[in-house]
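*Asks:* could you work out the structure for the sequence below:
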Amino acid sequence: MSGPQREQNASAALFERELELKTARQAVHRLCGHVAEGRTRLGDLLLYSGEAGLGKTALLTEIRRHAAENCQCTVLFARGSESARSVPFHVIRQLIQPILAELSPDERQELLGEWHGIVGPALGIVPPAGQQQDPQGVRDGLDWLVAQLATTRGSVVLVIDDAHWADAESLSWLTAFAVRLRETPMLAVVAYRQHELPDHAPQFRELVNGRTSRPVQLRALTPDAVAQLVHDAYGDEADDPFCREVWAVTGGNPFEAVELIAKSQDRNLKPVEESAAHLRGLGSETRGSGLVSAVEQLGAPVLRFAYAAAILGTEISPSMAANLAAMGPAQAEECADKLRKARILKGSTDLEFVHPLIGTAFYRAIPAATRTAMHGQAAWAVTEAGQSAAAAARHLLEVHPDDDSELVGKLREAAREHLAVGAPDAARRCLERALREPPPEEERASVLYELGSATLLTSPPTTINHLRAALALPDLSDELRVDATYRLSQAYAHSNQPREAAEVLLTEAARTPAGPGRMRLQAAYYLWQGTQVDEDDSLDRSQRISELADHLPGRDNAERALLTLRAFDALIRGEDAVRIIELVDRILVDGHLPKGLNWTNSEWGFELPCMLGIVFAYTDRLDQAEELFKEAVSDFEVSGWRGAHLAFANHFLGMVFRRRGELDHAEELVRKSLKLAKRLGPNLAIKWDSICSLIDILLARGDVDAAWAVAEENGFRAPYSPAVILPDAACLAGRLLLATGRTKEAIAELEAAGRKLEERGRHNTLWAPWALDLAVAVASDDPERAKALADRAVRNAAIFGTDTAVGEALRLAARVAADPEEAERKLGRAVTQLRRSPCRYEFAAALVDHGAALRALGRTAEAGERLREGLAEAEKCCSEGLVEKARTELAALPREEAEAEEAEANVR
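*Replies:* Here you go, the predicted structure:
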């Protein structure tokens, strides 16, 4: 296309776009103006929607030019491609790679820091390391990198054209990042076709259709605008009927109008009414099959080269297109030149279609059999050029199934590369296509195993289906059968189906030969069986695992796994804490997790270290629990595991701070965990854990209304999670109902919880304090029952034996004491116990309760001492409710002291 024609095409697309340009320029100036004035820069999102040819690309080109030339912005640009939409991170690489290309490897390493190994493979600057990346970790790393660019490179404008053709991974990142734009100094400008938004990106569809988004809908040109285009090309000799017919034929589409006018000039049509009849025929040559037919007139080799270019799609290498079109370099250059003159292709080093409409027209015109054959040739050419299996995958996906084992191997290799860059959906597509080839019968089970493993982090239900299918086949090796079963159990468990997890392990363990594999399955069985709330044979299972583990010295990880499960089971059963810690000490190596049982080990999973940390937290070894869970957060962040793994780590670290009494820090961590859990999907175990912990923390802080709001917002009601939650969900629900004055509902909830726990021998009063809360609930109507409940809870706490358990049980039991003197004695003992405990909230509560009891007995001096100490501790804990109670009690002391002195004076 000549220079004047390009200018006319661009100006045509910008006809009647003055308002859109004004709005965009204002947004750019706001961004740049804040920089110049030293004010906080606020980001923004501009969305442009329009059908093909309405000028989205020209509008974005002008915005890019204005931002770069007039405002000296850093402009990041990318364009979606219909042919490359299956290539993960294709759009993101276009955005970021030009900036990274300016840097040396050391500078890139410095820029990315700890994210280098996580996002580097996705950006194409670091070879995939082989380990599966968590896609959420990759998205978080991209967030960090783009935010860094926005803060270090002045004003940054991010422009994405044809977003409807963007790959799923890039759209997923863009959608999530768009929420942060208001707090990031960056302007994002995105153009797309509304009616071609992809099914694989529902979140992006929600973004552009949401209430907070106001996309600008581009309209076709008016007849007057098209007439102006005609006059610009022909001058005053163009008459009105001719101009009206150009508008009628093109519907005011800027691209088609310019092309039609250009073809009219090529055919030497006079711009008068007599020529108008020829315009419809010419118009058909500007789009679809008419366009292809017009190129066909240039010769079969030219059409073949155009087909090859359409297969390659974007960044078309002339040599690769020549290879695909089966012609030499000289003939290829001749064909490319003819296609440039026909306004089909542009560029030299790399070719591209003048407009995406043209590329689509040629791609769809290729006969189906020819198209699939050419994709096969393209895959071979890409591989021969030294590119990876992942690069060839987009072509392999389009090849017809043909029982080709070599193709299956390439697809499996591509899937591994996709997993290593954090693109499990792309891996899934490759493996599903491999199954359709199909693979050799002896490899089918392995492909199913790989397919199930690929979706473990992102879609546990999909993992379940594929791994069950793999296990139903006879060709998995013994090692893969064990690993597939273990992963299947994890998928069930994290889908809130612990019963199914245990059942599949029990079945497979029975058919697995004795040895490490069988012991691994047995350990996993006890893991998921023991974390069921409604476990049927809880007592028998506890007995079996006790018999298996109690004598083990912890020589290897199989033994250590059983010891971990035994310790956790003993914890929720409320057995002697000294004995529990003795079991735990056999597991650790020099006080640390042993190799192979660390947080990121895939053989045993992260659940066993979690159990160890929980045991530490509930046996008053909070320093070790904190160290362990901080290590988890660090390991998961470094490894890029920022989905469920990081959510669990933050939740359990928050639990440690809740036990320690640092309620503000605990709430911050648990809210972070809940936020992570919500973006993973509904009904996951981590969501239940986070909700329960948050409600528990808010109750401890005295904010009952906020706790109730969290419960309502998140559907916290029966039936609760089938997996064990800390604190116990049903017990917590009873406590929440009691705090809100719903006593009858609380009694029913706590009685039901108590029956289940008692039947299963679970007596830990810290994890599940149902009896103590029930005692308070029934005390006014049935004091004898209340006393019996409280006494039994105190006995159970004494068996467990930690200072926290005994002290907290005494504190709560004092609420239903027979008389004030008994209540004061129990609270005095509670203070003594809890003073030795690391759990400062419980200590503060005991101090305040004891002070109130002393005041009630008229022992005001002692009461004042206790209450002042309790107030100080409550303030450190950030328990506003406890602070208010302490202050209220303290405020009553001077009045009572004065009244006592007055009474004594009267007696005298």
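
*Asks:* list of residues touching stretch 406-419?
*Replies:* Contacts to stretch 406-419, defined as C-beta atoms under 8 Å, 6 or more residues apart in numbering, come from residues 88, 128, 130, 132-133, 379, 383, 388-390, 392-393, 396, 399, 424, 426-428, 430-431, 433-434, 437-440, 443, 447, 450, 454. C-beta: built from backbone N, CA, C; applies to glycine.

*Asks:* same thing but at 7 Å, please
*Replies:* For stretch 406-419, contacts defined as C-beta atoms under 7 Å, 6 or more residues apart in numbering pick out 88, 128, 132, 388-390, 392-393, 396, 399, 426-427, 430-431, 433-434, 437, 439, 443, 447, 450, 454.

*Asks:* now the helices for the stretch 801-908 of the chain?
*Replies:* For the stretch 801-908 of the chain, the helices defined by DSSP state H, counting those that start in this stretch occupy 803-813, 820-835, 840-856, 860-877, 880-907.

*Asks:* run through the neighbouring helices and strands of the first one.
*Replies:* Spelled out, it's helix 803-813. helix 770-778, helix 783-800, helix 820-835, helix 840-856 (3 or more C-beta pairs under 7 Å, 6 or more residues apart in numbering; DSSP states H and E).

*Asks:* what average pLDDT does it get?
*Replies:* For helix 803-813, mean pLDDT is 98.

*Asks:* quick check: angle from that helix to helix 820-835?
*Replies:* 160 degrees (axes from the mean of the first three to the mean of the last three C-alpha atoms, to 10 degrees).

*Asks:* contact partners of helix 803-813?
*Replies:* For helix 803-813, using C-beta under 7 Å, 6+ apart, the contacting residues are 620, 765-766, 769, 772, 790, 793-794, 797-798, 826-827, 829-830, 833-834, 836-837, 839, 842, 845-846, 849.

*Asks:* now with 8 Å?
*Replies:* Contacts for helix 803-813 (C-beta under 8 Å, 6+ apart): 577, 620, 659, 764-766, 769, 772-773, 775-776, 790-791, 793-794, 796-798, 800, 826-827, 829-834, 836-839, 842-843, 845-846, 849.

*Asks:* likewise stretch 107-125?
*Replies:* Contacts to stretch 107-125, defined as C-beta under 8 Å, 6+ apart, come from residues 88-89, 92-93, 96-97, 100, 103, 126-129, 133, 137-138, 141-142, 144-145, 148, 169, 420-423, 637-640.

*Asks:* how about the CA coordinates for it, as CSV?
*Replies:* Only the C-alpha atoms of stretch 107-125 are listed here, as CSV (Å, rounded to 0.1, in the frame of the first residue of the first chain):
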residue,chain,number,x,y,z
GLU,A,107,19.5,-6.3,34.2
ARG,A,108,16.5,-8.5,33.5
GLN,A,109,17.4,-10.6,36.5
GLU,A,110,17.6,-7.5,38.6
LEU,A,111,14.3,-6.1,37.3
LEU,A,112,12.4,-9.3,38.0
GLY,A,113,14.1,-10.2,41.2
GLU,A,114,12.5,-13.2,42.9
TRP,A,115,9.9,-13.4,40.1
HIS,A,116,12.6,-14.2,37.5
GLY,A,117,12.1,-17.9,37.6
ILE,A,118,8.3,-17.7,37.9
VAL,A,119,7.3,-15.3,35.1
GLY,A,120,10.5,-15.6,33.0
PRO,A,121,9.3,-18.8,31.3
ALA,A,122,5.8,-17.3,30.6
LEU,A,123,7.5,-14.2,29.1
GLY,A,124,9.7,-16.4,26.9
ILE,A,125,13.0,-15.1,28.4
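
*Asks:* list the buried ones in that stretch?
*Replies:* Buried residues in stretch 107-125, counted by 16 or more other C-beta atoms under 10 Å: 108, 111-112, 115-125.

*Asks:* so which of these comes closest to Lys744?
*Replies:* Ile118 (52.6 Å; C-beta to C-beta).
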